[in-house]
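K.L.:
coords please:
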Amino acid sequence: MTEEKFEEMMERGGEKIETAVENAAQKLDDTLESTMKHRPARIIAKALSYGGSIGFILASAKLKQTYHPTMSNICLITGSVALATNIILSCTVHKK
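P.N.:
Residues are numbered from 1 along each chain as shown. Next comes the predicted model:
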C-alpha cells in the first residue's frame with residue numbers, strides 16, 4: 001500500500017467518523033430539545049442541577065473533616081458557583 005492510498009483511506013475513515021458523530025450529536029440535541037418542552041422534564045433537570053450543586057457543597061464539608069483541604073475548597077467553590085448560576089438563571093430565564 002502506498003502512502004497516498006493510506007492517506008486517502010485515513011481521510012475517508014475520518015470523514016465517516018465525523019459524519020457519524022455529527023449525526024449522533026444532532027439526534028441527541030433534537031431529543032433533548034423536544035424533551036425540555038415538557039414542564040416535568042424541566043423541573044427534574046432543574047432539581048438535579050440544584051442537587052448537584054448542593055452535593056458539592058456538602059462534599060466539601062466532609063472532605064474538610066477528612067483532612068483534604070484543597071479538594072474541599074475546590075468542591076466548595078464549584079458548588080457555590082454552580083448554585084449561584086442556578087439561582088441567577090432561575091431569576092432571569094423564564095420558559096413561557
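
K.L.:
only C-alpha atoms from now on, for both contacts and neighbour counts.
P.N.:
OK.

K.L.:
residue 81: how many residues sit nearby?
P.N.:
13 (other CA atoms under 10 Å).

K.L.:
swap in residue 30?
P.N.:
Neighbours around residue 30, by other CA under 10 Å: 11.

K.L.:
again with the one 3 residues further on
P.N.:
Here the count is done by other CA under 10 Å, and residue 33 has 11 residues near it.

K.L.:
what about dumping the CA coordinates of stretch 55-64 to CSV?
P.N.:
Taking Å, rounded to 0.1, in the frame of the first residue of the first chain, the C-alpha atoms of stretch 55-64 are listed here in CSV:
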residue,chain,number,x,y,z
GLY,A,55,-23.9,17.9,46.8
PHE,A,56,-20.6,19.6,46.0
ILE,A,57,-21.0,22.0,49.0
LEU,A,58,-21.9,19.1,51.3
ALA,A,59,-18.9,17.1,50.0
SER,A,60,-16.6,20.0,50.8
ALA,A,61,-17.6,19.8,54.5
LYS,A,62,-16.9,16.0,54.6
LEU,A,63,-13.6,16.5,52.8
LYS,A,64,-12.5,19.2,55.3
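
K.L.:
what about that stretch, distance to the chain center?
P.N.:
From the chain centre to the centre of stretch 55-64 is a distance of 20 Å (CA atoms, centre = their mean, to the nearest Å).

K.L.:
for stretch 23-42, same thing?
P.N.:
14 Å.

K.L.:
what's the mean pLDDT across it?
P.N.:
Averaged over stretch 23-42, pLDDT sits at 90.

K.L.:
same check, this time on stretch 8-18
P.N.:
Rounded mean pLDDT across stretch 8-18 is 93.

K.L.:
got a list of contacts for it?
P.N.:
Among residues not part of stretch 8-18, none is counted as a contact by CA atoms under 8 Å, 6 or more residues apart in numbering.

K.L.:
CA atoms of it as CSV?
P.N.:
The C-alpha atoms that make up stretch 8-18 are tabulated as CSV, following Å, rounded to 0.1, in the frame of the first residue of the first chain:
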residue,chain,number,x,y,z
GLU,A,8,-6.8,8.6,1.3
MET,A,9,-8.1,5.7,3.3
MET,A,10,-7.5,7.5,6.6
GLU,A,11,-9.2,10.7,5.2
ARG,A,12,-12.3,8.7,4.2
GLY,A,13,-12.4,7.0,7.6
GLY,A,14,-12.1,10.3,9.4
GLU,A,15,-14.9,11.7,7.3
LYS,A,16,-17.1,8.7,8.1
ILE,A,17,-16.4,9.1,11.8
GLU,A,18,-17.0,12.8,11.7
